[in-house]
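[1] Next comes the sequence, and after it the predicted model I'd like to discuss.
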Amino acid sequence: MRNNAYEDLKMSSIPNTLTFLRILFIPFIVFFIVEGMYMVSFVLFVLSSLTDFLDGYLARRMESVTNFGKLLDPVADKILTSSVLIALTYKHLCDPFSVTAIVAREEAVTGLRAIAASKGKVLPAGSTGKLKTVFIMFSILLLLSGFKRYGEIFLIISAFIAIYSGAIYFYNFFRVSGEENG
């Protein structure tokens with residue numbers, strides 16, 4: 001059992017620190033993709049993805065889930081995956097149509113979250129959004145490993161999951177908004 005407020009603050013910041021670390025990896029991953037150093041990008045992307053798993057696990061384990069973390073974690077995922085997918089598209093390693101669908105969904109959901117936050121509501125990541133993230137991350141790993149055909153197949157599946165999960169966010173947002181107004 002923790003005895004003081006400082007220790008509580010310190011422990012609860014570990015998951016958020018891991019999320020910030022994930023964001024700090026992004027420019028390096030993109031740089032190495034653009035430079036054609038895919039295995040370096042692969043390793044950095046794996047480390048970054050591990051921080052995604054670890055921050056959520058630690059937040060729940062340490063009972064330090066915060067609204068800030070609920071908002072920051074999915075934003076970090078979106079910045080990571082969108083940046084890497086755009087870099088892979090730049091290098092002609094993946095389908096730009098799937099990337100456009102995924103990035104557009106990410107922007108739309110981020111906008112919904114911002115509107116919800118302005119009304120004092122938090123729209124946490126749902127299970128389909130998490131599934132989408134797993135599929136996108138797996139497709140990125142395949143693409144960085146040189147398995148372009150399989151990576152693109154998973155990316156197309158990711159795009160469909162992204163569109164579906166985005167529709168769920170919109171439905172839930174308007175359902176909650178309708179309940180508030182009615």
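    Thanks, I have it. Numbering: from 1, shown residues only.

[2] Could you use CA atoms for every contact and neighbour count after this?
    OK.

[3] Who are the packing partners of the helix or strand bottoming out on mean pLDDT in the chain?
    Taking mean pLDDT, DSSP states H and E as the measure, the helices and strands of the chain show their lowest mean at helix 5-34, namely a mean of 79. The helices and strands touching helix 5-34, judged by 3 or more C-alpha pairs under 8 Å, 6 or more residues apart in numbering; DSSP states H and E, are helix 38-61, helix 67-90.

[4] what does the first one contact?
    Helix 38-61 is contacted by residues 12, 14-16, 18-19, 21-22, 25, 28-30, 32-33, 64-65, 73, 77, 137, 141, 144-145 when judged by C-alpha atoms under 8 Å, 6 or more residues apart in numbering.

[5] what about the protein, any weak spots by pLDDT?
    Counting by pLDDT under 70, the chain contains low-confidence ranges at 1-12, 67, 124-125, 178-182.

[6] let's go with 90 and repeat that
    Regions of the chain meeting the criterion pLDDT under 90 cover residues 1-20, 49, 51-78, 109-130, 132-134, 169-182.

[7] now the contacts of helix 38-61: which count as buried?
    Buried residues within the contacts of helix 38-61, defined by neighbour count using 16 or more other C-alpha atoms under 10 Å: 12, 14-16, 18-19, 21-22, 25, 29-30, 32-33, 64-65, 73, 77, 137, 141, 144.

[8] Return the residues in contact with the spatially most central residue of the chain.
    The centroid of the chain falls nearest to D77 when counting by C-alpha atoms, centre = their mean (1.9 Å). The neighbours of D77, taking C-alpha under 8 Å, 6+ apart as the test, are D52, T133.

[9] Which helix runs longest in this structure?
    Ranked by number of residues, the top helix in the chain under DSSP state H is helix 148-181.

[10] thinking M137 is in contact with L80, fair?
    No. M137 sits out of contact with L80 when judged by C-alpha atoms under 8 Å, with a separation of 9.5 Å.

[11] Need the three-state assignment for C94.
    coil (DSSP: H, G, I helix; E, B strand; the rest coil).
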